[in-house]
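Q: Provide a 3D model corresponding to the input given below.
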Amino acid sequence: MGLLRFLARTMFAWIFLAAGFKTATEPGGRSDLVAKTTPLPEPELMVRINGGLMIVGGAALALGVKPRLAALGLAATLVPTTYVGHQFWKQTDEAARRGQQVHFNKNVSMIGGLLTYALTEDD
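A: This is a model prediction of the structure:
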């Protein structure tokens, strides 16, 4: 069961490692979205910090280092990412709206999975 649990945690963490690295090293348009939708200072820095937190949380989850805390932290990083990055309700183009809604729903589902993991008694 140990190997299977490690593989499952690593597969679950993979999206956070990959997306976190991309976000931290190439904030790109994400910074513009943060600037437009929030009053946060230093939007590019905020995006890079969010990406860095995803990397740290993803690595901790994959390696089994405080995995419940890592899952809780990853869920917390997804809340602003989901709100800022996938505002489907603001899209006027139907295809763009559907695409953003898919990503919004996927993130909500991932938040639920992370919270389930964080609240599970068995590591």
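
Q: Please enumerate the helices of the chain.
A: For the chain, applying DSSP state H gives helices covering 2-25, 29-37, 43-63, 67-85, 94-119.

Q: what's the burial count for the residue nearest to residue 86 when sequence neighbours are not counted?
A: Here the nearest residue to residue 86 in space, its sequence neighbours aside, is residue 104; by CB to CB, 6 or more residues apart in numbering that works out to 3.9 Å. The way it works is simple: take the backbone N, C-alpha and C, and place the C-beta from them, glycine included. Applying other CB atoms under 10 Å, we find 17 residues neighbouring residue 104.

Q: quick one: residue 104 and residue 91, what's the gap?
A: 11 Å (CB to CB, to the nearest Å).

Q: Hmm, residue 90 and the residue nearest to residue 86 touching each other?
A: No: Residue 104 lies out of contact with residue 90 (CB atoms under 8 Å); the separation is 11.3 Å.

Q: Next, the contact list for the closest residue in space to residue 50 that isn't next to it in sequence, please.
A: Leaving aside its chain neighbours, residue 50 sits nearest to residue 77 (5.6 Å; criterion: CB to CB, 6+ apart). Applying CB atoms under 8 Å, 6 or more residues apart in numbering, we find residue 77 in contact with 16, 50, 53-54, 57.

Q: burial measure for residue 74, as a count.
A: Residues near residue 74, counting by other CB under 10 Å: 28.

Q: for the residue nearest to it when sequence neighbours are not counted, what are its contacts?
A: Spatial nearest neighbour of residue 74, chain neighbours left out: residue 57 (4.2 Å); criterion: CB to CB, 6+ apart. For residue 57, the contacting residues are 13, 16, 20, 70-71, 73-74, 77, by CB under 8 Å, 6+ apart.

Q: Output those residues as JSON lines; include the columns distance to residue 41 and pLDDT.
A: Formatted as JSON lines, the contacts of residue 57 follow (distance: CB to CB, whole Å; pLDDT from 0 to 100):
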{"residue": "13", "distance to residue 41": "30", "pLDDT": "96"}
{"residue": "16", "distance to residue 41": "25", "pLDDT": "97"}
{"residue": "20", "distance to residue 41": "21", "pLDDT": "96"}
{"residue": "70", "distance to residue 41": "27", "pLDDT": "97"}
{"residue": "71", "distance to residue 41": "29", "pLDDT": "96"}
{"residue": "73", "distance to residue 41": "22", "pLDDT": "97"}
{"residue": "74", "distance to residue 41": "24", "pLDDT": "97"}
{"residue": "77", "distance to residue 41": "19", "pLDDT": "95"}
